[in-house]
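Visitor: From the sequence below, what's the structure:
(chains A and B)
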Amino acid sequence: MNDLRLLLEGTVILGTPLILAAIGGYFSERSGVINIALEGKMLIATITVWLVTIATGQPVIGVAAGIGASILFSMFHWLLTQRYSLDPIVSGMAINAIAFGAANFLDKRFTDPDQAGFPKLPLMAFWVFALVLPFLVWLYVRHTRGGLRLLAVGSDPEKARQMGVFPQRTRLMALIATGVLCGLAGALIVSNAGSYVDNMTAGRGFIALAALILGGWRPLPTLAACIAFGFFYQLQIQLQGTQVLGISAPRELWLCLPYIATLVALAGLLGRNRTPAGLGKP
Amino acid sequence: MLKIGLVFDSGGRGDKSFNDSAYRGLERAIKELGIDAKTVDSARESDYATNLETLAESGCDLIFAIGINMQKAMSEVAPKHLNVKFAIVDAPVDSPNVRSLVFKEEEGSFLAGYVAGLMTKTGKIGFVGGQEIDLIKKFQAGYEAGARTANPAIVVLPAKYTGDWNNVDLGKQNAKTLYGQGADVVYHAAGKCGLGVINAAQEEGKYAIGVDSDQDYLAEGRVLTSMIKRVDESVFQTINDLKEGRWDTGVKVYDLKSNGVGLSEMQFTKDAIGEANLAKIKEVQDKIIAGEIKVPATMDELATYRVR
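Guide: Residues are numbered from 1 along each chain as shown, chains lettered A, B, ... in the order given. The predicted structure is shown next:
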C-alpha cells in the first residue's frame, strides 16, 4: 500500500514538469515551429525564478519573472525562425546554448554560496494545473477559432495564408504560450528541488519533446506519455536493488522503456505518421 | 608568479560539495600563496581534453583536473606536455609529470554510517549514489560497514543510484522513497542530486548525511553530519608543495589519519547526538587510524566484513 502511494506520488512529481514542457512544445510544434529549445527555456526560467525570488522575497514575483524570461527567449526564437528564416534546429540549438551560458553566468555572479532554503511554492496547484492542462488544450484546439488557426498554420501555412490567417502572428502567440509553460515547468523544478544547481533541468526538455512525439502531437496522448515517463522513473527508483520475480533487473532496463516506445512511435509502428505537415515550413 | 590552471568536471561548480571544495582550496592558495589562477568549466565530457590542452598551452605551471571522469583525458594530455605539471583528484594517472590525489572515502563514510547506526530509531537506513561506479561504491561500502558496526541488527535498504549528477528532483525522489520505506537516515554521494536528498529530509522531518563539503548548514538540524573530503586541502597542499620546492609525482593518499577525510563539526546536531555518542564516534575514529578496524572499500570486501 505504502509502495503504491510512493509510486503514485513519484509519478506525479517526476511527470508534471514534463507535462508542462511538452504541452509548451505542443503549441510551438503545432504552429509549425520545430522546438528543440524547451530545455533552454526551462533552464533560463529556473535561474530567474531562483534569483528573483531570493532578491525580492516574493515567490510570486519570482515565478512571474521566470515566465517572463522564458517568454523572452521564446520571442527571440520567433524572431530567428520567422523574421530571419533561420533554420529551426540551428536556432533551437543556439537558444539552448545561450540559456545554458546565461544561467551559468547568472548563477556564478549572483547566487550567494551560503544560501540555504527557498520559499516553497504551492506545488499542489502546479500539479493539478499540469494534469488538467492537456484537457483544456484539447478543448481549445477543437472548439475555438484560435485553436483551429493554430492547427491550420501548422498543417499548411501556405493555404492558411490564402485563407487570411497570418502564420507569423499565430506562431508568435504559440511561442509565447510555449514560453509561459516552459516558465512554469522551470518554476516547478526549482521549487521542488529547493535549490538551484547548474544544468538542473538535466535534459528534461528533450524528454518532454520525446513525449510530445510519442503522443503524436496530440495533447491527451502526450499527457499519457509524460505520465509514463514519470511512472518509469519512479518505478525504477523503487525497484532498484530489489528482486522482481526472482531476478534483479538493471535500472537501465526500466529507464529505457519510454525511449524504446518513442523509437517505435517514430518508426511508425504505433499507427500512422502524425507529424504536423507544416512542421518547419516557413 | 606561479600560474595555476584548474578544470572542473561536468558536474561543475555550485554543487556545494566536491567541485566547490576544490575551488575553496584554490581560493586559499590565491590569498595565502599569491598565485595566479585560471579556472575552466567543462560543459560536457568531450571538453575535458580540450580544456586541459588549452591551459597547458597557455603557459600554466600546474594544472588540476577535478574528478575521476577526467582520468582518460589526463592520461592523453599529460604525456604530451612533459614540461607542465599536472594533478588529478580521485584517479591515478601514470605519467612522470602527474600527481594523483586520492582519498579514502570509505573511512569517512564508515564514520558517517556509524553515526547513522547510532541515531536511527526505525533501525533502517539508506544510501543514494550518483553514478554507479567504483568510486561511489567506496562510499556505500564504508557506510554500510560503519552502520553495522554501530548496530549489528540494522537494516540497510538497497542502495539507490540516480544515474545522474544534476537532476535534483531525482535525488529527492530517491530519498523520499527510502524514507517512505522506513529509513530515517539517508547518506548521499550524488553531487548536486544530493541537494534533493537534503531537501527531502527537511520535508519529511528525517535525517540526511551530507558529503564532500560541510553541508550541515543546508538544513540545520536535519543534516546529521557531513562526510568531508578535503579536496580543498589536497589542492592547497599541492600548490604549496610546488611553491616550496617539494613537488613530486605519484599517488598521494588522503585518509582519516592525515585529516584528508572526516566528519563535520556537527554544530547543529551535536546536542541531538549527545556526549556519549560523540565519545563513541571518537573511539571508532581512533581505531580506524590505529588500523584496528579495516574499512572495506568495495562491495566484495563489505561482504566479508565482520563486526568485532
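
Visitor: Identify the residues contacting the helix or strand residue B:144 falls within?
Guide: Element membership of residue B:144 [criterion: DSSP states H and E] is helix B:134-150. With contacts defined as Cβ atoms under 8 Å, 6 or more residues apart in numbering or on different chains, helix B:134-150 is touched by B:68, B:90, B:105-118, B:125, B:127, B:129-130, B:154, B:156, B:159, B:161, B:187, B:189, B:211, B:227, B:280, B:284, B:293, B:295-299, B:301-302, B:305, B:307. To be clear about C-beta, it is placed using only N, CA and C from the backbone, and glycine gets the same treatment.

Visitor: Name the spans of the chain whose pLDDT lies under the cut-off.
Guide: Chain wasn't specified; assuming chain A. Residues of chain A meeting the criterion pLDDT under 70: A:1, A:245-246, A:268-271.

Visitor: Let me rephrase: I mean chain B.
Guide: Low-confidence segments of chain B, defined by pLDDT under 70, span residues B:11, B:308.

Visitor: hey, where'd the helices end up in it?
Guide: Secondary structure of chain B (DSSP state H): helices located at B:18-33, B:47-57, B:71-77, B:105-119, B:134-150, B:168-180, B:194-204, B:231-243, B:270-273, B:275-290, B:299-303.

Visitor: How about the residues of the stretch 151-282 of chain A by chain B?
Guide: In this structure, the stretch 151-282 of chain A approaches chain B at residues A:189, A:192-200, A:202, A:204, A:233-234, A:237-238, A:240-242, A:251-252, A:255, judged by Cβ under 8 Å from any Cβ of the partner chain.

Visitor: what's the answer for the stretch 1-150 of chain A, then?
Guide: Taking Cβ under 8 Å from any Cβ as the measure of proximity, the stretch 1-150 of chain A contacts chain B at A:2-3, A:5-6, A:9-10, A:13-14, A:17, A:100, A:104, A:107-108, A:111, A:113-114, A:116-117.

Visitor: And for residue A:126, the neighbour number?
Guide: Using other Cβ atoms under 10 Å in any protein chain shown, residue A:126 has 20 neighbouring residues.

Visitor: actually residue A:142, not the one I typed
Guide: Using other Cβ under 10 Å as the criterion, residue A:142 is surrounded by 11 other residues.

Visitor: Can you name the residue of the stretch 151-282 of chain A nearest chain B?
Guide: Distance from chain B to each residue of the stretch 151-282 of chain A (Cβ to the nearest Cβ) is smallest for residue A:241, at 2.4 Å.

Visitor: I'd like to know the beta-bridge partner residues of the residue nearest the centre of chain B.
Guide: The C-alpha lying nearest the average C-alpha coordinate of chain B belongs to residue B:212 (Cα atoms, centre = their mean; 3.8 Å). Beta-bridge partners of residue B:212, counted by DSSP bridges, are residue B:228.

Visitor: so it sits right up against residue B:228, yeah?
Guide: Yes - between residue B:212 and residue B:228 there is a contact under Cβ atoms under 8 Å: 6.9 Å.

Visitor: how far away is the closest residue to chain A within chain B from residue A:248?
Guide: Here chain B gets closest to chain A at one residue, residue B:158, 2.4 Å apart by Cβ to the nearest Cβ. If you measure residue B:158 against residue A:248 using Cβ to Cβ, to the nearest Å, the figure is 9 Å.

Visitor: More neighbours: which of those two?
Guide: With other Cβ under 10 Å as the criterion, residue B:158 and residue A:248 differ in neighbour count, and residue B:158 comes out ahead with 15 against 12.

Visitor: who touches the more buried one in this structure?
Guide: By Cβ under 8 Å, 6+ apart, residue B:158 lies in contact with A:240-242.

Visitor: same thing with residue A:158?
Guide: Neighbour list for residue A:158: residue A:281 [criterion: Cβ under 8 Å, 6+ apart].

Visitor: rerun at 10 Å
Guide: Residue A:158 is in contact with A:167, A:278, A:281-282, counting by Cβ atoms under 10 Å, 6 or more residues apart in numbering or on different chains.

Visitor: okay, those in TSV with secondary structure next?
Guide: TSV is the format used below for the contacts of residue A:158 (DSSP: H, G, I helix; E, B strand; the rest coil):
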residue	secondary structure
A:167	helix
A:278	coil
A:281	coil
A:282	coil
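
Visitor: between those residues, which is nearest residue A:179?
Guide: Ranking the contacts of residue A:158 by separation from residue A:179, with Cβ to Cβ as the measure, puts residue A:167 on top at 18.3 Å.

Visitor: wait, isn't that closest one in contact with residue A:175?
Guide: No - counting by Cβ atoms under 10 Å, no contact exists between residue A:167 and residue A:175, whose distance comes to 12.0 Å.

Visitor: which residues do the two both contact?
Guide: Overlap of the contact sets of residue A:167 and residue A:175 (by Cβ under 10 Å, 6+ apart) consists of A:31, A:33, A:82.

Visitor: ok, the last one touching residue A:74?
Guide: Read that as residue A:82. No - here residue A:82 does not reach residue A:74: they are 11.7 Å apart, not a contact under Cβ under 10 Å.

Visitor: all helices of chain A, in order?
Guide: For chain A, the helices defined by DSSP H cover A:2-30, A:38-56, A:59-78, A:88-110, A:123-143, A:145-155, A:157-162, A:167-193, A:204-214, A:219-239, A:251-266.

Visitor: Thanks a lot, see you next time.
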